[in-house]
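Engineer: next input, structure requested:
(one chain, ligands or ions: 1)
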Amino acid sequence: MKAAVRTNFDDSVSAYDAYEQRTGRFTALAKLLATELSARADNPVNAVLDAGAGTGVSTRVFAERAQRTVALDISREMLRKLKAAPRIEADFDHLPFVDNSFDGVAFTASLFLVPDPAVAAREAARVLRPDGVVGAVAPLGWVDADGTDVFADLERESRSPTGADAVEAALANEVTVTTGTWCFATTAEDVRRFHAIPAMAARLYPRLTVDERVTKARALLAGLEGTVEQRWRWIVGVAE
Ligand SMILES: C[S@@+](CC[C@H](N)C(=O)[O-])C[C@H]1O[C@@H](n2cnc3c(N)ncnc32)[C@H](O)[C@@H]1O
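Structural biologist: Next up, the predicted model:
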């Protein structure tokens with residue numbers, strides 16, 4: 001599973017950045033998460049681990065606010081684009097840091113990509129200083145105005161490795177959490193652009209090649225019109 005996730009993101013660099021340049025969606029998520037982390041921290045969040053930093057979209061947001069931000073990702077190709085901070089190619093299930101290293105650990109749209117988020121949640125708690133804060137953003141899907149999942153009746157093969165509930169439960173096992181939902185009005189064309197990212201199309205068609213899955217995702221979503229809502233669960237916790 002992890003090797004597939006790594007390869008999927010290695011293949012996604014240009015489509016990911018094109019989507020972000022058009023929508024600013026991951027920047028928006030990181031800014032909201034940074035605000036929640038600061039709001040709940042008793043002390044300044046000076047040292048941040050951006051866990052699943054990708055091409056550095058979230059890293060830039062945290063680096064603007066913290067004295068020290070470290071970017072960590074499993075995908076070498078995503079990280080290669082990242083210029084904003086020290087970068088480490090690693091798995092957030094096995095963090096290469098000693099205990100009590102950070103004031104904050106942020107998983108911006110990354111913790112749902114492992115089958116068992118409990119492992120990374122434990123690692124995040126280990127590297128956090130006492131009173132440190134940890135946060136994650138996990139997708140809740142795309143819904144119509146009446147709250148219906150737009151993918152409910154569409155033919156696809158799978159969903160993400162882990163759901164938002166599992167991400168929340170994993171973090172709640174380690175820290176005291178607060179959660180909420182962020183909603184973004186999204187055009188049908190931007191839903192198609194999101195699924196033009198090979199790693200996102202892989203959540204629909206995990207067994208197909210990059211070209212096949214992106215083509216099939218575009219065909220699947222060809223009839224989508226108007227605006228739908230993309231929903232994300234945020235979870236923020238404070239270490240004891
Ligand atoms: C949707 S991207 C988000 C990137 C970035 N946080 C942003 O806001 O643009 C998810 C990132 O998590 C990384 N990732 C997935 N599983 C990982 C793991 N086990 N350890 C480290 N990074 C991982 C992927 O390689 C990918 O770059």
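
Engineer: in the helix or strand where residue 193 lies, what's buried?
Structural biologist: Residue 193 belongs to helix 188-194 when assigned by DSSP states H and E. Going by neighbour count (16 or more other CB atoms under 10 Å), the buried part of helix 188-194 is 188, 190-191, 193-194. C-beta coordinates here come from the backbone N, C-alpha and C atoms, glycine included.

Engineer: could I get that helix in CSV with only the CA atoms?
Structural biologist: Only the C-alpha atoms of helix 188-194 are listed here, as CSV (Å, rounded to 0.1, in the frame of the first residue of the first chain):
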residue,chain,number,x,y,z
ALA,A,188,-17.5,20.5,-11.6
GLU,A,189,-14.5,21.3,-13.7
ASP,A,190,-12.3,21.6,-10.6
VAL,A,191,-13.6,18.2,-9.3
ARG,A,192,-12.4,16.8,-12.7
ARG,A,193,-9.1,18.7,-12.3
PHE,A,194,-8.7,17.2,-8.8
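
Engineer: ok, residues contacting the helix or strand following it?
Structural biologist: Where DSSP H and E defines the elements, the next helix or strand beyond helix 188-194 is helix 198-201. Under the contact criterion CB atoms under 8 Å, 6 or more residues apart in numbering, helix 198-201 has outside partners 5, 8-9, 11-12, 15-16, 194-195, 210, 213-214, 216-217.

Engineer: next one: stretch 165-178
Structural biologist: Here stretch 165-178 makes contact (CB under 8 Å, 6+ apart) with 36, 40, 107, 111-112, 116-118, 120-122, 124-125, 134, 136, 138, 179, 233, 235-240.
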